[in-house]
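> dropping the sequence and predicted coords here.
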Amino acid sequence: MKLTKENLPNNLTIARIFAIPLFILILALGGHSHVWQVIAAILFAVASATDWLDGYLARKWNIVSNFGKFADPLADKMLVMSAFIMLVPLKLAPAWVIAIIICRELAVTGLRLLLVEQGGVVMAAALPGKIKTFTQMLSIIFLLLGWNLLGVIFLYICLAATIYSGYDYFAQNMSVFKDADQSQQ
């Protein structure tokens, strides 16, 4: 496929998806080594930057595709959840924190699907969700770099933002459940 302005945002998303197995492999094979954790942190940071860049370019050039709408948020979640899961056996993050974060991600993804299915509503990321994503990425990078104090601080900020943003999304969209219940009666 030829690289063009029209497909650059989607190609960045695809590159982020392909970075995930490499990131996992680096941590699975050498994760207890600080050098390999730093390499993984750099790869994660570059992959995370493509999230911002593909969105920026798509908005700047007014390039919106169904693939982008589907793959971009999926790639973000796959990257972050994979990273968090890999932190647990390395004892860089407690499993209970990671479980809460992953459960929230799955619940909000399900809510987004219901909203689209029932009314064609695409739920945009709100400020609490953007804070959650930013702090997730920072905590992962800091923990992998061995900057434990900063990593732990951002991990718990991320946890709070995760819980709050999940609550916020559900509180604002509870009607999706009422409509479903009423249509079944």
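Arrived safely, thanks for sending.

> state the distance from residue 76 to residue 137.
9 Å (Cβ to Cβ, to the nearest Å). Yep, even glycine has a C-beta here, placed from its N, CA and C like the rest.

> give me the helices and strands touching the longest helix anywhere in the chain, please.
Assignment by DSSP state H gives helix 34-60 as the longest helix of the chain. Here helix 34-60 touches helix 8-30, helix 66-87, helix 127-145, going by 3 or more Cβ pairs under 8 Å, 6 or more residues apart in numbering; DSSP states H and E.

> between helix 34-60 and the second one, find me the angle.
Note on geometry: by axes from the mean of the first three to the mean of the last three Cα atoms, to 10 degrees, helix 66-87 and helix 34-60 are set 160 degrees apart in direction.

> now the very next helix or strand once past helix 66-87, how far from the chain's geometric center?
Next helix or strand after helix 66-87 toward the C-terminus (DSSP states H and E): helix 95-119. Offset of helix 95-119 from its chain centre (Cα atoms, centre = their mean, to the nearest Å): 11 Å.

> so what touches helix 95-119?
Outside helix 95-119, the residues that touch it by Cβ atoms under 8 Å, 6 or more residues apart in numbering are 73, 77, 80-81, 84-85, 87-88, 121-123, 129, 136, 155-156, 158-159, 162-163, 165-166, 169-170, 173, 176-177, 179-180.

> now list the buried members of these.
73, 77, 80-81, 84-85, 87, 123, 129, 136, 155, 158-159, 162, 165-166, 169, 173, 176 (16 or more other Cβ atoms under 10 Å).

> so, low pLDDT: which residues of this structure?
1-2, 121, 124, 179-185 (pLDDT under 70).

> swap the cut-off to 80 and go again
Across the chain, residues meeting the criterion (pLDDT under 80) sit at 1-6, 31, 65-66, 69-70, 119-126, 178-185.

> what about stretch 88-103, how long is it end to end?
15 Å (Cα to Cα, to the nearest Å).

> for it, which positions count as buried?
Neighbour-count burial for stretch 88-103 [16+ other Cβ under 10 Å]: 92, 93, 97, 98, 101, 102.

> check contacts around residue 16.
47, 50, 51, 54, 75, 76, 79.

> give me that answer again for 10 Å
Each residue near residue 16 by Cβ atoms under 10 Å, 6 or more residues apart in numbering is listed here: 46-51, 53-54, 71-72, 74-76, 78-79.

> how about residue 89?
Counting by Cβ under 10 Å, 6+ apart, residue 89 has contacts 27, 28, 31, 32, 95.

> again, only this time at 8 Å
residue 31.

> got it, and residue 68?
Here residue 68 is in contact with 9, 10, 13, 54, 58 (Cβ under 8 Å, 6+ apart).
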